[in-house]
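**Q** here is a sequence together with a model predicted from it:
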Amino acid sequence: MTQSYNKPIPVPQGESDYYWEKAKQHELWLRQCNACGKAYFYPRDISPCCFSRDTGWVQASGNATLYTYGIVERPPHRGFAEDTPYVTAIVELEEGPRMPTNIVMAEPTPEKLQIGMALKVVFEDISDTIALPKFEPA
Ligand SMILES: [Zn+2]
């Protein structure tokens, strides 16, 4: 954890409180629709599959595959300047949902990033209350 973390930080609220609480414990949890059994991301009380309010939480395995990505060379915010180049990505979780995240690797190149490659979740503690789920090659 860095004391000079100067990037925008997620603000847990209502429907996502549990998600961030579990992320702080380095666990990835998803909402799941009890009506049809589908897991989904991002966390919200009404399921996007069938609009059911009968929803719960399920722990994700942390296994995913790379769905798409971009290598960021020019920081969108000065807080990211020291991180470039870095990888923004959408990963497809083993449970089905796709989520935006970062791929953690040194000196990312297109040769190292293959669509469909196996990934696993890692957590970066950025404050006393927030840990960000990111992914690295499995
Ligand atoms: Zn459903």
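**A** In hand now; what should we look at?
**Q** so where's this protein shaky on pLDDT?
**A** By pLDDT under 70, the low-scoring segments of the chain are 1-4.
**Q** who in it is up against the ion?
**A** The chain comes close to the ion at residues Cys33, Ala35, Cys36, Ser47, Cys49, Cys50, as judged by CB under 5 Å from the ion. Any C-beta I mention is one placed from the backbone N, CA and C, and that applies to glycine too.
**Q** list the ones among these that fall in strands.
**A** Taking DSSP state E as the definition of strands, those contribute Cys33.
**Q** which residue ranges form the strands in this protein?
**A** Going by DSSP E, the chain shows strands at 29-33, 39-40, 55-59, 63-72, 86-93, 98-103, 118-125, 131-137.
**Q** so which of those is nearest Glu21?
**A** With CB to CB, the closest approach to Glu21 among the strands of the chain belongs to strand 29-33: 8.7 Å.
**Q** which among the residues of the chain next to the ion end up buried?
**A** Buried by 16 or more other CB atoms under 10 Å: Cys33, Ser47, out of the residues of the chain next to the ion.
**Q** coming back round to it: between the strands of the chain, which one is closest to Pro10.
**A** Nearest to Pro10 among the strands of the chain is strand 131-137 (7.6 Å), distances taken as CB to CB.
**Q** return the list of helices and strands in contact with the closest one.
**A** Taking 3 or more CB pairs under 8 Å, 6 or more residues apart in numbering; DSSP states H and E as contact, the helices and strands that strand 131-137 lies on are helix 17-24, strand 98-103, strand 118-125.
**Q** make it 10 Å
**A** Secondary-structure packing of strand 131-137 (3 or more CB pairs under 10 Å, 6 or more residues apart in numbering; DSSP states H and E): helix 17-24, strand 63-72, strand 86-93, strand 98-103, strand 118-125.
**Q** just tell me which of the strands of the chain ends up closest to Tyr5.
**A** strand 118-125 (9.7 Å).
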